[in-house]
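Participant: The following block contains a protein sequence and its predicted model.
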Amino acid sequence: GAVVSQHPSRVICKSGTSVKIECRSLDFQATTMFWYRQFPKKSLMLMATSNEGSKATYEQGVEKDKFLINHASLTLSTLTVTSAHPEDSSFYICSVLGGETQYFGPGTRLLVL
Amino acid sequence: RKEVEQDPGPFNVPEGATVAFNCTYSNSASQSFFWYRQDCRKEPKLLMSVYSSGNEDGRFTAQLNRASQYISLLIRDSKLSDSATYLCVIRGVNNAGNMLTFGGGTRLMVKP
């Protein structure tokens, strides 16, 4: 069964609106979750590391005020894309580290019109 | 230079063929190595870990050469269902914890 779930699986929104993506760890508690972004035919790129109860750690070049991350519980992290623009259209994937294995959510496909 | 480099392909092979993918990485301090498989419009899924001694899982064999910073994946007796993108993945450690770095992926298409 699934270890990590994401919601929604796809979303289409208008430019300027905000979109919230949820990532849930189903099988175990996760103090750390990772958020990735993948553009078509490109590799996954780590955006940020979400830390339960504290601030997320963002990778270089990722705007923390645009991509808001909240990790309020040991099983839920949310990524909010604020004031979305067409260039934010991408495949957003979260992951959870379980032991030595990193488990990925099914991803959220975002299309900003 | 990219941290993890792969030939993007595509590799077009007939069913039953043997195909090999290579991957090089730049950070000699990298700790763990993996091959992931990603189907179109899906999330990556772990195919196998890669160990210095080499390891095999059915038709799949992975090798690691730390001295050359090189990883390989060999697929024997290719099946149509093997068609996917294969991602070379390296784990290092950043200040926030374990961090995976992905190669760009090698696309495999197995034809009847």
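Facilitator: Structure received.
Participant: Can you name the residues of chain A that neighbour chain B?
Facilitator: With the criterion set to C-beta under 8 Å from any C-beta of the partner chain, chain A comes near chain B through A:32, A:34, A:42-46, A:49, A:51, A:57, A:91, A:93, A:95, A:97, A:100-102, A:104-107, A:109. Heads up, the C-betas are built off the backbone N, CA and C, glycines and all.
Participant: mind listing what's buried in whichever strand or helix holds A:Leu110?
Facilitator: A:Leu110 is located in strand A:108-112, with elements delineated by DSSP states H and E. The neighbour-count check on strand A:108-112 (16 or more other C-beta atoms under 10 Å in any protein chain shown) flags A:Thr108, A:Arg109, A:Leu110, A:Val112 as buried.
Participant: And stretch B:72-81, by the same measure?
Facilitator: Using 16+ other C-beta under 10 Å as the test for burial, stretch B:72-81 gives B:Ser72, B:Leu73, B:Ile75, B:Ser78.
Participant: For chain A, which residues score under the pLDDT cut-off?
Facilitator: Within chain A, the segments meeting pLDDT under 70 span A:1.
Participant: Repeat the analysis, applying 80 as the threshold.
Facilitator: Counting by pLDDT under 80, chain A contains low-confidence ranges at A:1-2, A:98-101.
Participant: what's near enough to touch the spatially most central residue of it?
Facilitator: Compute the mean C-alpha point of chain A, and by C-alpha atoms, centre = their mean the closest residue is A:Trp35, 4.0 Å away. Each residue near A:Trp35 by C-beta atoms under 8 Å, 6 or more residues apart in numbering or on different chains is listed here: A:23, A:46-50, A:67, A:69, A:77, A:79, A:92-94.
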